[in-house]
Each structure stands twice: as C-alpha cells, then as structure tokens.
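In: structure for this input, please:
(one chain, ligands or ions: 2)
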Amino acid sequence: MIVSKNLSKQFGEFEALKNVSFEIEQGEIVGFLGQNGAGKTTLMRILTAYLPSSSGQAFVGGEDVSLNPLAVHKKIGYLPETPPLYPNMTVKAYLRFAAQLKDVGVKFQKAQVEHVLEECRLEDVQNQVIGTLSRGYKQRVGIAQAIVHEPEVIILDEPTNGLDPIQILHVRELIRKLEHKRTVIVSTHILSEIEQLAKRVLIIKKGEIVVDSNLEKFLIPDDRKQIFVKVKGEEFHIEQAVKDTNSVKQINIEFLGEDIYELHLENTNNVAHYGELVQNFIKYGIKVIEIKEKKGTLEEAFLKINK
Ligand SMILES: Nc1ncnc2c1ncn2[C@@H]1O[C@H](COP(=O)(O)OP(=O)(O)OP(=O)(O)O)[C@@H](O)[C@H]1O
Ligand SMILES: [Mg+2]
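Out: Ligands and ions are numbered 1, 2, ... in the order given. You can find the predicted model right below:
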C-alpha cells in the first residue's frame, strides 16, 4: 500500500533522508519514531506528495507520489505537524470545504462532516471560528480534516501533540479502530503510544531507518530475555542449580527473607529452557515460587539505539 524505494532528501548540503526503503501493507498501523530532526516529518511530507524527494521513489496505493501528487492527496488523509487551518472559517465550514477538496460526493458531504464532528468530539465548537479555538481543539480539527473523506491511507504527524489526556485516549481509540481497514503511519514522541497503537515500528536516526521490526519481536529479542525467579531454599544450592543450567546466566541474587531469594537471570540461549532450570531447582530441593519474564521497554530500546 505504501512503498518507499531508496528515498533520499537533501536540503542544500544537508542529507535529511538517506536511502530510505520499506513497504507497508494494507491494514497495518506503523509507528514512526526518531529524535527531533531525525527526518520523520520530511519522510511523511514526501510520502504525502507535499515535498519532492531528491532521489528514489515512493508509491501510495500504486500511485507514484512524484508523478501523481493529486491522486495521492485524494487517497490519503494527512495530519501535518502544523495543520493548515483557515482561521476565519468555522469548524464546520472548514470541514465541509475539506470534504469538497477531497472529492466527497455532494450528497455525502453533510453526513461525513457530521460524522467526523462526532468522532473528533467537535460538536460543541462546530460553529466557532477556527482562529479562536484552543490548541488542542485545533489539533482535533486537523485530525477531522484528515479523515473526513475516509481515506485508505492515513498519515499522522504527532496526532496527540497538545491534546488533553482524555482526548489523547480518544484519538488513540480512533486510530486503533482504523486497524485492518486503513493503512496508518503515525509519528509520536510518546513511546507508550506506539506500544498501544502499532504492531510495527520504524525508527529513524539521522535520516536512516535503523529499525524496521514487529514491535513484539523488537521488544523481546529472545537472546536478551530477562527472567526473574523467586525461590525458597539455601543460597548455595540455588546458585549451584543456576550454574548447572546451561541456558541461563545469573545477573543478581537478592535475599527477601525467610530463605526466599529473588534471582535475576538472563537467558543466554535463543530459546527459554525453563524446564531444565526448574528440574535443577528440584534436584537441589529448592522450591520455585514464581518465574516471570521481563520484556524490554520501547523506551530502553529507543535510548540504546539513540545514544
Ligand atoms: N525546508 C528545509 N530546509 C532545510 N532543512 C530542513 C528543511 N526541512 C527539514 N529540514 C531539516 O531536516 C532534518 C529533519 O527534519 P524533520 O522535520 O523531518 O525532523 P523530525 O524527525 O520530524 O523532527 P521532530 O521530532 O522535531 O518533528 C532537520 O535537521 C531539519 O532541520
Ligand atoms: Mg517532525
């Protein structure tokens, strides 16, 4: 549905994007992450045919963005970093105008506008002039104009920026509902938002894609699995049981009282062999109280990549 082939972008001497390639299938929600200045907005502007690339190609729904920008504009819904709103228009008139621009049939315009007013919770301000809206409400209008024509592809540049916590939840809910039906790219600096929304993450660093992965796989690389085990027994025997298990390495042991210890282990193998570990505990007469795995967080992974 979205294809980026060796996209590069130069601003003078500066290379904002370097050979960016990926493909996004229909129905996917993909999160774009990257530090300030990484190139997220530049990439989104190229994909939405608002900025020409310096080299490479991009296709949205089969249309080449540099050859058919107008066709691309109709296929996509785009929330730019700063939505181009008309300050003198009322919310409703503006959305009607957006629906017209995006070729929503005359018969459907009214209903579509009503629909997005409700979806983006804008009913109360529908007759207010956009220029007098608060920042969060302006952002909601930006989201409403992006989805008013029910586009196949939705590209949202920091959609929850400036919204209150209730509205953030609401916008996330809105985006989640689009899964499978629409193809969505969403950039954000709120890492937990990506975890809640997207199944796939693309991390951009200094104009290059450094991670393109299924989020779940990215957060639990098998070889880095952290295991916490609560056991009851004698410390010496506990440590011996761990030593006898090839697939784990002891990182730490903490005494919790009454012969109970918490062990922090690292899985050194590609697959977890808890069977072997548990058997060794049993062999030494140690009681296993709890075993839990700790997933890496996106924040940890992000900081590691960008350090
Ligand atoms: N029109 C332009 N002229 C010159 N440099 C530009 C232009 N647009 C973007 N850049 C530069 O390209 C780089 C990438 O910018 P971009 O806006 O894509 O980053 P971003 O990942 O969206 O960052 P942020 O998280 O701050 O929104 C930055 O160094 C920026 O200064
Ligand atoms: Mg940006």
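
In: who are the contact partners of the closest residue to residue 80 other than its chain neighbours?
Out: If you skip the residues right next to it in sequence, residue 80 has residue 157 as its closest partner in space, 5.6 Å away by C-beta to C-beta, 6 or more residues apart in numbering. Where C-beta positions appear, they are placed from N, C-alpha and C, glycine not excepted. With contacts defined as C-beta atoms under 8 Å, 6 or more residues apart in numbering, residue 157 is in contact with 40, 41, 44, 78, 79, 80, 81, 187.

In: show me what residue 157 is bridged to.
Out: For residue 157, the residues forming beta bridges with it (DSSP bridges) are residue 187.

In: what distance do you get for it to ligand 2?
Out: 6 Å (C-beta to the ion, to the nearest Å).

In: ok, residue 107 next?
Out: The span separating residue 107 from ligand 2 equals 37 Å under the rule C-beta to the ion.

In: what's the answer for residue 154, then?
Out: Residue 154 sits 17 Å away from ligand 2, taking C-beta to the ion as the criterion.

In: and that residue, what is it in contact with?
Out: Residue 154 makes contact with 76, 77, 78, 79, 146, 147, 178, 182, 183, 184, 185, according to C-beta under 8 Å, 6+ apart.

In: secondary structure class for it?
Out: When states are read from DSSP: H, G, I helix; E, B strand; the rest coil, the local structure at residue 154 comes out as strand.

In: elements contacting the helix or strand hosting residue 217?
Out: Applying DSSP states H and E as the criterion places residue 217 in helix 215-219. Helices and strands touching helix 215-219, as assessed by 3 or more C-beta pairs under 8 Å, 6 or more residues apart in numbering; DSSP states H and E, comprise strand 200-205, helix 298-305.

In: what segments of this structure are helices?
Out: Secondary structure of the chain (DSSP state H): helices located at 40-47, 69-75, 91-101, 106-119, 135-147, 165-177, 191-197, 215-219, 235-243, 274-283, 298-305.

In: list the contacts of the last one.
Out: Around helix 298-305, the neighbours that count as contacts under C-beta under 8 Å, 6+ apart are 33, 191-192, 194-195, 201, 203, 205, 210-211, 215, 218-219.

In: please apply the same query to the third one.
Out: Counting by C-beta under 8 Å, 6+ apart, helix 91-101 makes contact with 85-86, 89, 108-110, 112-113, 116-117, 122, 125-128, 130, 133, 141, 144-145, 148-149, all of which sit outside it.

In: can you pull out the low-pLDDT segments for the chain?
Out: Scanning the chain for pLDDT under 70 picks out 220-224, 269-273.
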